[in-house]
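>>> Any chance you could fold what I've pasted below:
(2 chains)
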There are 2 protein chains.
Amino acid sequence: MSDITVEPIGKQMEKLILDVQQEIVAGLEAVDGQKFFQDKWTKGEGGYGISCVIQDGNVFEKGGVNTSIVQGKLNQDAVQRMRANHEGIDRTAKELPFFAAGISMVIHPRNPMAPTTHLNYRYFELVNSDGKKIWWFGGGADLTPSILFEEDGKHFHKLHKEACDRHDPTFYPRFKKWADEYFLIKHRKETRGIGGIFFDDLSEKDPQELFAFVKDCAHTFLPAYVPIMEKRKNMEFTEDDKEFQLIRRGYYAEFNVMYDRGTWFGLQAPEPRVESILMTLPLHASWRYKYEPKQERHKALLKVTHTPIEWC
Amino acid sequence: MSDITVEPIGKQMEKLILDVQQEIVAGLEAVDGQKFFQDKWTKGEGGYGISCVIQDGNVFEKGGVNTSIVQGKLNQDAVQRMRANHEGIDRTAKELPFFAAGISMVIHPRNPMAPTTHLNYRYFELVNSDGKKIWWFGGGADLTPSILFEEDGKHFHKLHKEACDRHDPTFYPRFKKWADEYFLIKHRKETRGIGGIFFDDLSEKDPQELFAFVKDCAHTFLPAYVPIMEKRKNMEFTEDDKEFQLIRRGYYAEFNVMYDRGTWFGLQAPEPRVESILMTLPLHASWRYKYEPKQERHKALLKVTHTPIEWC
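Numbering: from 1, shown residues only, chains lettered A, B, ... in the order given. Have a look, this model is predicted:
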């Protein structure tokens, strides 16, 4: 904990996520050739956000980059969904004042050779019943290929490792492992993809230092993802590949609505903006009884989703 | 509570659901022209079940009729998911012995003019920490059209009302309302379909009387559904109709994995049979950002899913 007042960090985070949103949208538009459409929404005194969405693009079947900067009162259920570790939060309080600024993104490409990806960085403050502010950062980025290209996994992980290492050598090993645990589809006993980094409750250093770390991670996304897309977006694929992709997208949908903390947090808020929250769901998904992948390149993915590996 | 020992009811229920399963499968095979395949599974001493599945049928895109007869120890979380009203259950006990026999079915036709339907009837016993048996019946059946035909809603509800009325005149009004509440997709503030009947924790009469009621309901399914399918299965439809169906199937998937008590109960059990539990998910579903139905016949459905009506 620091004695620096937290409001400036909230403002800095607000500016960062709005900048990063436009940077990412521009980078993805360059890959696709089609523009995102942008919706700005407000919640009266409660905050605002911008939803940038692409649908039926040339390269991206569906994708969204959302920001939201909100404040108000949070009920206990929502607090517990939002934060992994609840220590220090008064659980007897019915509701607590909060401030949250976050960016979240999910991108589903058309081509089954090209991976889905997700990013989310958020800063959170709440005022405990004793008047003390509790603050933390959370977030991460992960890659969800259907067809596994080892070089893509290595590249994505390597760039995120480098961003982590510039701030703390313990971050990547901790946050890589956390991603493998967090993105687990519990009932299937496999991860939704090949991970990346994930962290929550991060308040162990000076907030300015952690802000610099989050900023570095956020700017890492485009160089981590765009080169992969340039290689994969026009590759040839078979009907089997497409079907495998649809099955994996079903698993993705399961994870997002069943286990993702941000989705639950969003949907439990008063007057949730359902369209923005569930924008993460794929345009198309399939569930096939007793589906078994036929191709070796499909089985290759299942090995690493069942037993996560070190990529770098 | 009755002083009749409950084991015979468990046995009667086991026989009933196995009979009803074969009756329903035969009835649906007659509609489709294609056979279901049947998987029998066992869980060692823990029980057994039969999964009857049709996929890529002539009429049915995907459907399953499952039975399971299981026993063992249930943790508190699972007890609370399984039963709406927890009064009388020792919540301090870490786990309690249980017996459950149930049939569950979801059928997704291809043609968007033809409704998806679901049925589930179950009998449940658990031994409380004071050694006292607690037992109840639960279940119901509901209809989920994409394109709304009022006569179909009336027919389905009417037959279930008649089955209820033969046993207790308060059942249909109570259980129809319960279905409207239970099948609500909370975050969307609309029901997944046009309801039917739903009940849980039913133990207010002699168990033999309630068993007779459940038996009557279970045998009501085919006459309630098959005449609708015969009218709808070969109707013409447009691409807009198909898209609307895919969007509604996405909502259906959301309900099943987020809110359905049976799904949660199943997935939280030790070594869940994921394929059987998630067999309820559609073969294809879509999520389209800010989807708005274009046709009046699509908007007609939304009126009754947002504000449930009386069908008979």
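>>> Let me see the ranges of the helices in the stretch 201-312 of chain A.
A:207-232, A:239-258, A:261-268, A:274-277, A:296-306 (DSSP state H, counting those that start in this stretch).
>>> typo on my end, it should be the stretch 51-200 of chain A
A:76-82, A:150-165, A:171-182.
>>> Does anything pack onto the helix or strand hosting A:P8? Which helices or strands?
Assigned by DSSP states H and E, A:P8 belongs to helix A:7-32. Judged by 3 or more Cβ pairs under 8 Å, 6 or more residues apart in numbering or on different chains; DSSP states H and E, helix A:7-32 is in contact with strand A:47-55, strand A:60-75, strand A:95-109, strand A:116-127, helix A:207-232. In this view, the C-beta of every residue, glycine as well, is placed from N, C-alpha and C.
>>> Show me which residues of the stretch 201-312 of chain A sit near chain B.
A:246, A:250, A:253-254, A:257-258, A:267, A:272, A:274-275, A:277-279, A:281-290 (Cβ under 8 Å from any Cβ of the partner chain).
>>> Just the buried ones among those residues, please.
When those are checked for burial by 16 or more other Cβ atoms under 10 Å in any protein chain shown, the buried set is A:246, A:250, A:253-254, A:257-258, A:267, A:272, A:275, A:277-279, A:281-289.
>>> closest one to A:I50 among the helices of the stretch 51-200 of chain A?
helix A:76-82 (20.8 Å; Cβ to Cβ).
>>> so who does the residue nearest to A:H298 when sequence neighbours are not counted touch?
What sits nearest to A:H298 in space, not counting adjacent residues and going by Cβ to Cβ, 6 or more residues apart in numbering or on different chains, is A:F244, at 4.7 Å. Residues counted as contacts of A:F244 (Cβ atoms under 8 Å, 6 or more residues apart in numbering or on different chains) are A:P112, A:S146, A:I147, A:P293, A:Q295, A:H298.
>>> can you rerun that using 7 Å?
Taking Cβ atoms under 7 Å, 6 or more residues apart in numbering or on different chains, we find A:F244 in contact with A:P112, A:S146, A:P293, A:H298.
>>> what number of residues lie near A:Q12?
Around A:Q12 there are 18 other residues, counting by other Cβ atoms under 10 Å in any protein chain shown.
>>> shouldn't it be in contact with A:A212?
No: applying Cβ atoms under 7 Å, one finds A:Q12 not in contact with A:A212, separated by 9.9 Å.
>>> what's around A:K73, how many residues?
Neighbours of A:K73 (other Cβ under 10 Å): 15.
>>> and the closest residue to it other than its chain neighbours, what are its bridge partners?
Nearest residue to A:K73 in three dimensions, chain neighbours excluded: A:E95, at 4.3 Å (Cβ to Cβ, 6+ apart). A:E95 has the following beta-bridge partners by DSSP bridges: A:N75.
>>> Can you tell me how far A:E95 is from chain B?
Using Cβ to the nearest Cβ, to the nearest Å, one obtains 19 Å as the distance from A:E95 to chain B.
>>> average model confidence for the helix holding A:P8?
Mean pLDDT, computed over helix A:7-32, is 95.
>>> Quick one: name whatever helix or strand follows that helix.
strand A:37-42.
>>> How about that next one and chain B, any contact?
No: against chain B, strand A:37-42 shows no contacts by Cβ under 7 Å from any Cβ of the partner chain, the least distance being 8.5 Å.
>>> what comes into contact with that strand?
Counting by Cβ under 7 Å, 6+ apart, A:Y48, A:G49, A:I50, A:S51, A:C52, A:V53, A:R273 sit against strand A:37-42.
>>> Once you drop chain neighbours, what's closest to the last one?
Going back to what we said before, that points to A:R273. Per Cβ to Cβ, 6+ apart, closest to A:R273 is A:W41, 6.5 Å.
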